[in-house]
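K.L.:
need coordinates for the following:
(chains A, B, C and D)
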Number of protein chains: 2
Amino acid sequence: MKQKNVSLNDIAKSLGVSRALVSLVLNGKAAEHGIAESTCQRVLAKASELNYKPNQLARSLRLGRSFTIGLVVSDISNIFYSKLARAVEDLAERAGFSLVICSTDEQVDKEQKLLRLLQNRQVEGIILSSSQADCDDLTRLKNDGVPLVLIDRKLDCKQLSTVVSNNRLGGEIGTKHLIDSGYKRPLALAITPAHISTISERVKGYTNAVTEVGIAPWVAEVPFEEVPSYVEALIGRLKAENRLPDSIFALNNSVTSAALVALKKHGLDVPASVGLISFDDIPYFEFMNPAISAVEQPIAKLAEVAFGRLMDQINGSSATAYESLTVELPVNLIVRESTTKQQPN
Amino acid sequence: MKQKNVSLNDIAKSLGVSRALVSLVLNGKAAEHGIAESTCQRVLAKASELNYKPNQLARSLRLGRSFTIGLVVSDISNIFYSKLARAVEDLAERAGFSLVICSTDEQVDKEQKLLRLLQNRQVEGIILSSSQADCDDLTRLKNDGVPLVLIDRKLDCKQLSTVVSNNRLGGEIGTKHLIDSGYKRPLALAITPAHISTISERVKGYTNAVTEVGIAPWVAEVPFEEVPSYVEALIGRLKAENRLPDSIFALNNSVTSAALVALKKHGLDVPASVGLISFDDIPYFEFMNPAISAVEQPIAKLAEVAFGRLMDQINGSSATAYESLTVELPVNLIVRESTTKQQPN
DNA sequence: TTGAAAGCGCTAACAC
DNA sequence: GTGTTAGCGCTTTCAA
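P.N.:
You can find the predicted model right below:
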């Protein structure tokens, strides 16, 4: 059943020529080596007759190129990352690369293990949304010669090429929108661990905006592993104590979902009782009742820039000095119904 | 910068022993070859001193095993497939395999190209949600010795191991729920191309259920490439002509979204004006207003069974005769608010 | 115009 | 107990 694949050698032998000749022809280098047209034909014919499939593994070993890149994120089933993955996949395919996708579940040791694995598999580069708190491990990887670009989350280190959304600004914009809509007491729903740059930046933006107009910041930190239950309990408690916020800025899509569930469960109407805006836009937000306002990230652009930088590294053209190693892409405010405050009081 | 990686050879040379010796030690086969403990230590020490990273490419070539499997679906950014991918990834990782993910966009030629590519890359197996109408191409692949299992969609051929949801039954269950809820004129929103088994099976189930109670089937086929605009136009037309359905069975998640958008745009309240049930449950359905009823597929189970069968093929234990080559997993009806008909008239 | 030879990094069979 | 040899399938000089 598992018959051996036909190799270059098989073709060569059955034609009475050398492997090299066959390789040259099959790689379209016949012309530049002045190989007879007739020979070419025979080779090509034989190859297709034998149903020859080049073994890319062998080719990769010989060439020192695997034509594979890795994408490492916290969870590929999160819609933000799956959209990102799709964008990267398209880019990679067009450039002749396959994509190996890995999820880390925010576990640093798992991330490190996965990164080593990819390195051992000789991937030509890695695009990473890291859960790590510092970049020692990653600079080591980079120094091993593995092209690497950080996406979505930045680390506090200047050595690594990084492509992120402008999360701080997004936090500000979203918060300002809340304030401009007449809300006086917006709660920011953040997530731990606190070193994740996306969240901390968004919190900063929120804090700036709120402070600027003399409102005291109010941030609740939701533990990553228990988002839904924690948020529901929180809302319940605030309601019981009669000190609900008049609006909520949910700082990523998982906490937005949790907030929506909790609000609904506790019979709190959006936006009548509580306004809501989400960081991360989701297709479903558009047709919910009410439609959810959101700060949208430029996912396709993130992928594009990150992939471009990775290719630069792979092709050694990283010499092209960038203005800055880290680029922050602009986000976009989408106003829908969930932040429509009832007439001002 | 791109310094050469240290190889087995480097360790061997710098220690004055043979490559083979080093290989054995590093693979934990020192004991069974009676290699001196002291030698082991020296090797291990040197390996870590030199920061040795085994080249999996070379290892794979030698072993004839790539420790990689492919997952091919129509679009990895569709939440159904990204959840499936995550489940497969976990299984694969636990079994020591990496996962290469590919999207076909329902294009048969792209699918074929991707499949060949994976084959050339020597993946050890492929899990595929195929867009093809027949299985000639796939049996050829299988006959080339590539372990293959179909997931989500089945083809009309008995040779290929296949794992799907019981879509026909799901279609029936969903439709019956509509009927039981008092709806008299349910429209099924299908999608073309018509050969996609998931959809055609669901239509069958719908038709059975509706026919059984003497209602005439009413199926609208939405072209795959223009779902949103088509659905919106359709609803608009039906409304204008004053012959709206009293309920809609949206036969997959993309058409559900489209229906929701269209209904909202045309000011049609769910479920007051039109009831709605979706094939495929989405996390967001739970907290929408109204919460959307749905037929839920057992995604984790699909992945599990498919992966198990793939492993059986890879390990040659596929001899274990299955009861049937194709398995259909039960689906689950989730009743929420979108199918709550107002008091019967 | 074609072929021979070397070698990518690894492992398994078989000596010593 | 330890080391040698051969070779996975491919590409690329270099020589003929």
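K.L.:
looking at it, residue A:146 is touching residue A:117, isn't it?
P.N.:
No. Residue A:146 lies out of contact with residue A:117 (C-beta atoms under 8 Å); the separation is 11.9 Å. Any C-beta I mention is one placed from the backbone N, CA and C, and that applies to glycine too.
K.L.:
quick one, helices of the stretch 51-200 of chain A?
P.N.:
A:56-63, A:79-94, A:108-120, A:136-143, A:167-180, A:197-212 (DSSP state H, counting those that start in this stretch).
K.L.:
pLDDT score assigned to the nearest residue to residue A:172 once chain neighbours are set aside?
P.N.:
Once flanking residues are discounted, residue A:172 sits nearest to residue A:205: 3.9 Å by C-beta to C-beta, 6 or more residues apart in numbering or on different chains. pLDDT for residue A:205: 98.
K.L.:
please apply the same query to residue A:116.
P.N.:
pLDDT recorded at residue A:116 is 97.
K.L.:
ok, and the closest non-adjacent residue to it?
P.N.:
Per C-beta to C-beta, 6+ apart, closest to residue A:116 is residue B:53, 7.7 Å.
K.L.:
list the contacts of the one you found.
P.N.:
If you count contacts by C-beta atoms under 8 Å, 6 or more residues apart in numbering or on different chains, residue B:53 has them with A:116, A:119-120, A:144, B:5-6.
K.L.:
hmm, 10 Å instead?
P.N.:
Residue B:53 makes contacts with A:116, A:119-120, A:122, A:144, B:5-7, B:47, as judged by C-beta atoms under 10 Å, 6 or more residues apart in numbering or on different chains.
K.L.:
do residue A:126 as well
P.N.:
A:69-72, A:100, A:102, A:114-115, A:118-119, A:138, A:141-142, A:146-150, A:310.
K.L.:
cutoff 6 Å now
P.N.:
Contacts of residue A:126 were listed using C-beta atoms under 6 Å, 6 or more residues apart in numbering or on different chains, and they are A:70, A:118, A:148.
K.L.:
report pLDDT for it.
P.N.:
Residue A:126 carries a pLDDT value of 98.
K.L.:
now residue A:344
P.N.:
50.
K.L.:
separation between the residue lying farthest from the centre of chain A and residue A:43?
P.N.:
The centre of chain A is farthest from one residue, residue A:16, which by C-alpha atoms, centre = their mean lies 51.2 Å away. Residue A:16 sits 11 Å away from residue A:43, going by C-beta to C-beta, to the nearest Å.
K.L.:
swap in residue A:157?
P.N.:
Separation of residue A:157 from residue A:43 (C-beta to C-beta): 52 Å.
K.L.:
which one of the two is surrounded by more residues?
P.N.:
The residue with more neighbours, out of residue A:157 and residue A:43, is residue A:43; 23 against 15, by other C-beta atoms under 10 Å in any protein chain shown.
K.L.:
pull the number of nearby residues for the nearest residue to that one once chain neighbours are set aside.
P.N.:
Distance criterion C-beta to C-beta, 6+ apart; nearest residue to residue A:43, sequence neighbours excluded, is residue A:25 at 4.3 Å. Residue A:25 sits with 23 neighbouring residues when counted by other C-beta under 10 Å.
K.L.:
same deal with residue A:324?
P.N.:
By the criterion of other C-beta under 10 Å, residue A:324 has 10 neighbours.
K.L.:
so who does it touch?
P.N.:
By C-beta under 6 Å, 6+ apart, the contact set of residue A:324 is empty.
K.L.:
read off the pLDDT value for the nearest residue to residue A:115 once chain neighbours are set aside.
P.N.:
Nearest non-adjacent residue to residue A:115, counting by C-beta to C-beta, 6+ apart: residue A:141, 6.0 Å away. Predicted confidence (pLDDT) for residue A:141: 96.
K.L.:
could you measure from residue A:141 over to residue B:62?
P.N.:
From residue A:141 to residue B:62 the distance is 25 Å (C-beta to C-beta).
K.L.:
residue numbers of chain A in contact with chain B?
P.N.:
Counting by C-beta under 6 Å from any C-beta of the partner chain, the residues of chain A close to chain B are A:2, A:53-54, A:56-58, A:60-61, A:76-77, A:79, A:82-83, A:85-86, A:89, A:98, A:100-101, A:103, A:120-122, A:145, A:260-261, A:264, A:284, A:287-289.
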